[in-house]
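J.: next comes the sequence, and after it the predicted model I'd like to discuss.
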Amino acid sequence: MKIHFIAIGGSAMHNLALALHHKGYKITGSDDAIFEPSKSRLEKYGLLPETFGWFEDNITLDLDAIILGMHAKPDNIELLKAQEIGVKIYSYPEFLYEQSKDKTRVVIGGSHGKTTITSMILHVLHYHDMEVDYMVGAQLDGFDTMVHLTEANEFMILEGDEYLSSPIDRRPKFHLYKPNIALLSGIAWDHINVFPTFENYVEQFSIFTDSLINGGIMVYNEEDKEVKNVVESSENHIKKYAYGTPEYTIENGITYLDTSDGKLPLEIFGEHNLQNLMGAKWICQHIGVDETDFYEAIATFKGASKRLEKIAQNDSTVVFKDFAHSPSKVMATSNAVKKQYNNRRVLACLELHTYSSLNVDFLKEYKGALDAVDTAVVFYSPHAVEIKQLEKVSEQQIKDAFQRDDLIVYTNPEEFKSYLFSQNLENTALLLMSSGNYGGLSFEEVSAMVD
């Protein structure tokens, strides 16, 4: 097949392009800007566009299909040309469904934890040499791409994102996969630019639950009130399997999981991660991995990239980088680190970087999110607020939202870096939470602080 990608440079899009290239498809693509690591990875396989930009000549009748990325706009000239001449246009999730419609589709959904749970499942299957197709939202150790597609594999493991499918398809991605087996980890309001009310956001998960095929399997976190309500009130004819936090202990900074074979030491920690582990266990068992084999494999799981990722450690200091930005993720991550290192000072630095997190009306959702840590710092860029065309946010509004009197707020990247590098990190757990880089912070330099 001959496939053209409009906006090939995105994290998900370029991985799908590589997967189809490896499958033997003829791939072309365009984008107005491509950054690392996408640029080098596309270049390695001859898929990097010779010239950045959008060109009508890229769209020809000999194309079998076009895959349209979210980075493109509805008035993109390549998209308009494709619509004009009648070339088949797929969104990213539509095409993944097309590739997996004859397979058993396993879809992992939830406001938080879905990347980690998908990563856990793939880690266990990889450990036991069980081949599956997959799409996951982070680069994993031992996996060349975030997307893998074959003709032969029976299962397709999909991370189910609730964000929009494409510029011309406003449905959440996970509505399009029609799972045979699914999981819901948690529901906490996010993407307020798309789902303006909490009720509207929760409704998307009800639609997802009802999209399971007749007789399908739903694994769900019964400790999450919204998830429990959505799944248990669904009248879809599906089998329902609940999970929650397992029994565990913490000894000398290591979490031990209680199993029928005794205490199992884990590389990961935190109740949120332990819930993720139990959800992954149910999914793996439905795929054909027994409990003993699951525990053997999961003991070696170190975590998904940027999800409570340990980037430096010495005898008295540990540094974590985490993608957490929504209120529920910030709270879960902060609580987990403090509980794991309760004899150390926990210094948490949160960057408010996304549209939701910089929205004045949404800020109140962060109440109490940093209460667990000893020292709490929030960084945000007024310039980022301007770019997103949002109402200005003051430092006082940030402090009022978190309702923590000793909250430290920075808006200048250099001042934030000066503060961070002036800190004595002895007997400290440093937690860096952001989907950005604090206006240019080098994580390598931070790591060097504890070498």
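T.: Ah, there it is. This one's a predicted model, so the numbers in the text were calculated from it and none came from an experiment.
J.: quick one: the strands in the stretch 201-350 of the chain, in order.
T.: Taking DSSP state E, counting those that start in this stretch as the test, the strands found in the stretch 201-350 of the chain are 217-221, 239-243, 248-251, 254-259, 262-265, 309-313, 317-322, 345-352.
J.: turn those into JSON lines, including mean neighbour count and mean pLDDT.
T.: Glycine gets a C-beta too; all of them are placed from N, C-alpha and C. Below are the strands of the stretch 201-350 of the chain laid out as JSON lines (neighbours: other Cβ atoms under 10 Å; pLDDT from 0 to 100):
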{"stretch": "strand 217-221", "mean neighbour count": "25", "mean pLDDT": "98"}
{"stretch": "strand 239-243", "mean neighbour count": "16", "mean pLDDT": "98"}
{"stretch": "strand 248-251", "mean neighbour count": "12", "mean pLDDT": "92"}
{"stretch": "strand 254-259", "mean neighbour count": "16", "mean pLDDT": "94"}
{"stretch": "strand 262-265", "mean neighbour count": "12", "mean pLDDT": "94"}
{"stretch": "strand 309-313", "mean neighbour count": "16", "mean pLDDT": "90"}
{"stretch": "strand 317-322", "mean neighbour count": "22", "mean pLDDT": "93"}
{"stretch": "strand 345-352", "mean neighbour count": "24", "mean pLDDT": "95"}
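J.: quick check: which of those strands is nearest to Leu420?
T.: When the strands of the stretch 201-350 of the chain are compared by Cβ to Cβ, strand 345-352 sits nearest Leu420, at 6.8 Å.
J.: what's the angle from the very next helix or strand once past the closest one to strand 345-352?
T.: Per DSSP states H and E, strand 345-352 leads on to strand 375-380 as the next helix or strand towards the C-terminus. For strand 375-380 against strand 345-352, the angle by axes from the mean of the first three to the mean of the last three Cα atoms, to 10 degrees is 20 degrees.
J.: next SSE after strand 375-380?
T.: Strand 375-380 is succeeded, C-terminally, by helix 382-387 (DSSP H and E).
J.: which elements pack onto that next one?
T.: On a contact count with 3 or more Cβ pairs under 8 Å, 6 or more residues apart in numbering; DSSP states H and E, helix 382-387 meets no helix or strand.
J.: state the mean pLDDT of it.
T.: Over the span of helix 382-387, the pLDDT mean works out to 73.
J.: contact partners of stretch 260-277?
T.: 112-113, 116-117, 120, 185, 221, 223, 243-246, 248-250, 254-258, 291-292, 295, 298-303, 308, 332-333, 335-337, 339-340 (Cβ atoms under 8 Å, 6 or more residues apart in numbering).
J.: distance to Phe174 added to the strands of the stretch 201-350 of the chain, as CSV?
T.: Converted to CSV, the strands of the stretch 201-350 of the chain look like this (distance: least, Cβ to Cβ, whole Å):
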stretch, distance to Phe174
strand 217-221, 13
strand 239-243, 18
strand 248-251, 30
strand 254-259, 29
strand 262-265, 31
strand 309-313, 25
strand 317-322, 23
strand 345-352, 26
